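Colleague: here are the coordinates; sequence isn't available:
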């Protein structure tokens, strides 16, 4: 009942045409074809610049049609009151900025053209339902996130206490073997143990296999050093260039998250068992069970429940739309019957109607226009929802 953009009343011919176009089933199909065609052209290496102007004009026409039919921002159900249209508005504004303003080094804004592909989310009903389910599931995932952080923190603290410095254990020569080494000069034969501790930090003395430093352990079931070597902690860098370790809470938390997501977790599993012993597999069983099997599936269950709720909401909206449409049709038929009965009861009203028609006011046409606009506005409102 309000004017769109303060210019187009509900009975304005341009607004009626815009509503008809917007509610037509082929409108979404044409928008989808336009988006897919634009995506194909964006994959070309040397696409003509004219294509961008053409597609920008098409997207602008689509946005103007929605603004004329629904209004821009002030009233309910207007163009910018729908969050799905924010992306359209941003893409169109950035397109015109790149067309008319020389951005120089800021020309990276042209990469925002790829956001046009996201318009398919608002066009395809099923895809829109899935995205809505993901968005609304974030509220429920908040509690799951707190639970996940709590469980990961517990396992990170356990790993920190058990394996701090364990993944930096190396095989270093014993004091006796170091002195008996033929590479050691005769001047160093009489060195003290303190001097030995300083000298042993040199990586060249550590035991290697296949040009890799051996990760060792002193516990039962771990990899033992060969004769003449002893396993010491805190030597050198942790595996994977220092990114795999339990040396502090942050790295321990990252390692537990890696186990929960099962991202190449077997390598971390073998490293820990090599340094701490085979009986530490219980730690990995617990982390993977509670983290990977329980928490991840709990997240998937919440997303699935949210998707089912969105599907029920869509079905309820469709039923409500059909009911409102039927009520509008019945109201129109009832009003037509009342007008026909009134015409039979007052036959002289024909002359009054003729006089109104002569003056340029046709009651039947005006009634049909009102009924048509009412039906289209109801359809548009449910389409927006």
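Modeller: Okay, I see it. Fair warning: this is a prediction, and the values are worked out from it, not measured in the lab.
Colleague: switch to C-alpha atoms for all contacts and neighbour counts from now on
Modeller: Will do.
Colleague: distance check, residue 210 against residue 273.
Modeller: Residue 210 sits 20 Å away from residue 273, going by C-alpha to C-alpha, to the nearest Å.
Colleague: which stretches in the stretch 201-350 of the chain count as strands?
Modeller: 208-209, 212-213, 229-232 (DSSP state E, counting those that start in this stretch).
Colleague: how about the stretch 1-150 of the chain?
Modeller: Under DSSP E, counting those that start in this stretch, the stretch 1-150 of the chain gives no strands.
Colleague: low-confidence regions, it specifically.
Modeller: Counting by pLDDT under 70, the ranges of the stretch 1-150 of the chain that qualify are 1, 102-112.
Colleague: redo that, cut-off 80
Modeller: By pLDDT under 80, the low-scoring segments of the stretch 1-150 of the chain are 1-11, 45, 47, 49, 75-77, 83, 98-129, 140.
Colleague: elements contacting the longest helix seen in the chain?
Modeller: For the chain, the longest helix by residue count, based on DSSP state H, is helix 296-345. Packing contacts for helix 296-345, counted by 3 or more C-alpha pairs under 8 Å, 6 or more residues apart in numbering; DSSP states H and E, involve helix 125-163, helix 363-384.
Colleague: which ones are touching residue 144?
Modeller: By C-alpha atoms under 8 Å, 6 or more residues apart in numbering, the contact list for residue 144 reads 295, 298-299.
Colleague: PyMOL command to pick out the buried ones of the residues you listed?
Modeller: The buried residues among those can be selected in PyMOL (16 or more other C-alpha atoms under 10 Å) with this line:
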select buried, resi 295+299
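Colleague: how many neighbours does residue 214 have?
Modeller: 22 (other C-alpha atoms under 10 Å).
Colleague: the more surrounded of residue 210 and residue 273?
Modeller: Between residue 210 and residue 273, counted using other C-alpha under 10 Å, the more crowded position is residue 273 (21 against 6).
Colleague: was I right about that one contacting residue 283?
Modeller: No: with contacts counted by C-alpha atoms under 8 Å, residue 273 stays clear of residue 283, the gap being 10.5 Å.
Colleague: flag the shaky bits of the stretch 151-300 of the chain, pLDDT-wise.
Modeller: For the stretch 151-300 of the chain, the ranges with pLDDT under 80 are 178-195, 197.
Colleague: helices of that one, start to end?
Modeller: Counting by DSSP state H, counting those that start in this stretch, the stretch 151-300 of the chain has helices at residues 175-180, 193-199, 249-261, 265-276, 281-287, 296-345.
Colleague: need the ones you listed in CSV (columns: distance to residue 53).
Modeller: Compiled in CSV, the helices of the stretch 151-300 of the chain are given as follows (distance: least, C-alpha to C-alpha, whole Å):
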stretch, distance to residue 53
helix 175-180, 76
helix 193-199, 71
helix 249-261, 45
helix 265-276, 50
helix 281-287, 54
helix 296-345, 36
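Colleague: and residue 94, which of the ones you listed is closest to it?
Modeller: Minimum separation from residue 94 across the helices of the stretch 151-300 of the chain (C-alpha to C-alpha) falls at helix 296-345, 32.1 Å.
Colleague: and of the helices of the stretch 151-300 of the chain, who's closest to residue 153?
Modeller: So among those, helix 249-261 is nearest, using C-alpha to C-alpha, at 6.7 Å.
Colleague: before we move on, back to that, can you list the strands of the stretch 201-350 of the chain in CSV and add distance to residue 154?
Modeller: Listed next are those as CSV, based on distance: least, C-alpha to C-alpha, whole Å:
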stretch, distance to residue 154
strand 208-209, 35
strand 212-213, 31
strand 229-232, 27
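Colleague: mean neighbour count, those strands: which tops it?
Modeller: Highest mean neighbour count among the strands of the stretch 201-350 of the chain (mean count of other C-alpha atoms under 10 Å): strand 229-232, with a mean of 20.
Colleague: which helices and strands sit right next to it?
Modeller: So strand 229-232, by 3+ C-alpha pairs under 8 Å, 6+ apart, packs with strand 170-173.
Colleague: residue 299 contacts residue 140, doesn't it?
Modeller: No: the criterion here is C-alpha under 8 Å, and residue 299 misses it with residue 140 at 9.1 Å.
Colleague: rewinding a little: for residue 332, state which of the contacts of residue 144 is nearest.
Modeller: residue 299 (49.5 Å).
Colleague: against residue 328, how distant is residue 4?
Modeller: 23 Å.
Colleague: out of those two, which sits in the busier spot?
Modeller: Comparing residue 4 with residue 328 by other C-alpha under 10 Å, the one with more neighbours is residue 4, at 22 against 17.
Colleague: just give the nearest non-adjacent residue to the more buried one, would you?
Modeller: residue 71 (4.1 Å; C-alpha to C-alpha, 6 or more residues apart in numbering).
Colleague: could I get the contacting residues of the one you found?
Modeller: 3-5, 78-79.
Colleague: give me the neighbour count for residue 20.
Modeller: Neighbourhood size, residue 20 [other C-alpha under 10 Å]: 18.
Colleague: tell me which residues of stretch 278-290 are tucked away?
Modeller: By neighbour count with 16+ other C-alpha under 10 Å, stretch 278-290 contains the buried residues 278, 280, 284, 287-288, 290.
Colleague: span of it from start to end?
Modeller: 21 Å.
Colleague: can you tell me which of the buried residues of stretch 278-290 lies closest to residue 204?
Modeller: Nearest to residue 204 among the buried residues of stretch 278-290 is residue 278, at 29.1 Å by C-alpha to C-alpha.
Colleague: how far away is the nearest residue to that closest one once chain neighbours are set aside from residue 122?
Modeller: Of all residues not flanking residue 278 in the chain, residue 221 sits nearest, at 5.3 Å (C-alpha to C-alpha, 6+ apart). Using C-alpha to C-alpha, residue 221 is found at 58 Å from residue 122.
Colleague: the more surrounded of the two?
Modeller: The neighbour comparison of residue 221 against residue 122 (other C-alpha under 10 Å) goes to residue 122, with 19 against 15.
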